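[1] no FASTA, just this:
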């Protein structure tokens with residue numbers, strides 16, 4: 001009696017394994033279809049941002065950021081490392097302020113400034129459910145144009161002349177949250193631009209990102 005029972009047991013186990021194998025084979029194509037495809041490595045992004053200066057040079061405020069428009073091109077490897085290049089143009093803002101020139105000599109004036117920056121970018125993309133969390137750092141050059149208006153002075157607050165340009169090295173840590181939809185993506189970003197030139201203020205920028213994978 002033990003022989004037939006053992007045979008039935010073995011047949012039952014075999015039937016279960018065959019059934020499980022058939023179910024796995026049937027579920028495999030569906031699982032493959034549900035897996036999101038690996039995004040294309042090349043990426044082109046456009047940004048609309050707004051920034052405020054966070055530092056002042058000799059208590060003289062300049063706003064070279066204001067509304068900004070930018071473009072970025074990047075390449076991302078399968079394990080998340082990303083290299084890119086970025087350019088940003090800031091329309092700046094007018095600032096009206098009072099400034100003490102010498103003892104007891106206070107003047108009121110309005111200055112204007114614009115900025116242009118170009119940088120390289122090194123970052124890492126971290127998948128977060130259906131989103132992508134991107135950490136990066138940009139390093140490059142910032143050019144700033146300033147205009148203090150019609151003042152009867154050749155220099156003011158360390159700026160000489162009162163109309164001119166300045167250039168300096170910048171370093172900008174950055175974080176962004178992207179939502180990919182097929183080959184397109186959108187998201188929000190925040191980065192702090194550290195300027196190493198005394199005449200160019202550092203700034204905090206918030207941005208809206210729109211782009212595509214190529």
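    Now that the structure is in, tell me what you want to look at. Predicted, not measured: the structure shown is a model, and the values here were computed from it.

[2] A helix includes residue 47, no?
    No - counting by DSSP: H, G, I helix; E, B strand; the rest coil, residue 47 falls outside a helix, being strand.

[3] which stretches in the protein count as strands?
    For the chain, applying DSSP state E gives strands covering 42-53, 66-76, 81-90, 95-100, 106-128, 131-147, 163-181, 184-195, 203-213.

[4] buried residues in the fourth one?
    The neighbour-count check on strand 95-100 (16 or more other CB atoms under 10 Å) flags residue 99 as buried. To be clear about C-beta, it is placed using only N, CA and C from the backbone, and glycine gets the same treatment.

[5] what sits up against that strand?
    Residues from elsewhere that reach strand 95-100 (CB atoms under 8 Å, 6 or more residues apart in numbering): 59-63, 106-112, 156-157.

[6] okay, and the helix or strand of this structure with the least pLDDT?
    For the chain, counting by mean pLDDT, DSSP states H and E, helix 2-34 ranks last in confidence among helices and strands (a mean of 46).

[7] and stretch 171-180, what's its mean pLDDT?
    What stretch 171-180 shows for mean pLDDT is 96.

[8] what residues are up against residue 44?
    Contact analysis of residue 44 by CB under 8 Å, 6+ apart lists 71-73, 211-212, 214.

[9] kindly apply the preceding question to residue 147 instead.
    Here residue 147 is in contact with 111-113, 162-163 (CB under 8 Å, 6+ apart).

[10] pull out the buried members of those.
    Using 16+ other CB under 10 Å as the burial test, the contacts of residue 147 include 111-113, 162 as buried.

[11] can you lay out these as TSV showing pLDDT and distance to residue 206?
    Rendered in TSV, the data for the buried ones among the contacts of residue 147 read as follows (pLDDT from 0 to 100; distance: CB to CB, whole Å):
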residue	pLDDT	distance to residue 206
111	91	23
112	93	22
113	95	19
162	81	30
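
[12] any idea which of those residues is closest to residue 134?
    residue 113 (29.3 Å; CB to CB).

[13] that closest one against residue 57, yeah?
    No - judged on CB atoms under 8 Å, residue 113 makes no contact with residue 57 at a distance of 11.5 Å.

[14] worst mean pLDDT among the strands of the chain?
    For these, mean pLDDT drops lowest on strand 95-100, to a mean of 84.

[15] that older thread, quickly name whichever of the contacts of residue 147 is closest to residue 92.
    Using CB to CB, these come closest to residue 92 at residue 113, 4.6 Å.
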